[in-house]
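In: kindly return the folded structure for what I paste below:
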Amino acid sequence: MGDYVKPCYFCESDVRPQHEHHIIPKKIEKYVEEDNTKTVTLCFTCHLKLHNILRPLEKYIIIERKEKVDAEFEKELEEMKIRNMEAKSVLLCLGENIMKRSELVESLNKTGMDREKAEKLIDWHWRNATIYTPRPGYYKVTD
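Out: A predicted model of the protein is given here:
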């Protein structure tokens, strides 16, 4: 008696060669949040047919995922630009002047920035040494 051969999942043929095929093709597994350890046994013919059937779906999933990633990247890039502009606004408000913290917050508030964000940005600039305190409560851009 020879080795047992699992029959093909689709046509039930037990003719060799048999292929263990991942239910979620390896080509798209990184785009799908599923466990990819499950396989089915396929004969050579059904294996080829399955790949021909799945090819358009694989392309669609890859393209759809790429578009989603591109859209997420564009959104993140836009948010970074906004944060960068907000961070620069602190330096622009200060210019060459020495300014009291409350005046700097008020000046930023007049540009449309809320007070809490203004306070956080001032602290961020101070921690990163782009502004300094020449005397307590006052700020100046670091040369």
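
In: what ranges does the chain have for its helices?
Out: Secondary structure of the chain by DSSP state H: the helices cover 44-94, 101-110, 115-127.

In: residue 122 reaches residue 139, doesn't it?
Out: Yes. If you go by C-beta atoms under 8 Å, residue 122 and residue 139 touch, sitting 6.7 Å apart. All C-beta spots, glycine's among them, are computed from the backbone N, C-alpha and C.

In: between the two, which one's more packed in?
Out: Neighbours of residue 122 and residue 139, each counted by other C-beta atoms under 10 Å, are more numerous for residue 139; the result is 23 against 19.

In: nearest residue to the more buried one other than its sequence neighbours?
Out: If you skip the residues right next to it in sequence, residue 139 has residue 131 as its closest partner in space, 4.9 Å away by C-beta to C-beta, 6 or more residues apart in numbering.

In: what pairs with the one you found across the strands?
Out: Beta bridges link residue 131 to residue 141, judged by DSSP bridges.

In: residue 39: how many residues sit nearby?
Out: A count of neighbours around residue 39, defined by other C-beta under 10 Å, yields 13.

In: wait, I meant residue 14
Out: Residues lying near residue 14 (other C-beta under 10 Å) number 13.

In: quick check: it vs residue 7, distance?
Out: 5 Å (C-beta to C-beta, to the nearest Å).

In: what's the answer for residue 113, then?
Out: 69 Å.

In: the two: which has the busier surroundings?
Out: Higher neighbour count among residue 113 and residue 7: residue 113, with 18 against 14, using other C-beta under 10 Å.

In: right, and the more buried one touches residue 87 too?
Out: No. The pair formed by residue 113 and residue 87 falls short of the contact definition of C-beta under 8 Å, at 10.7 Å.
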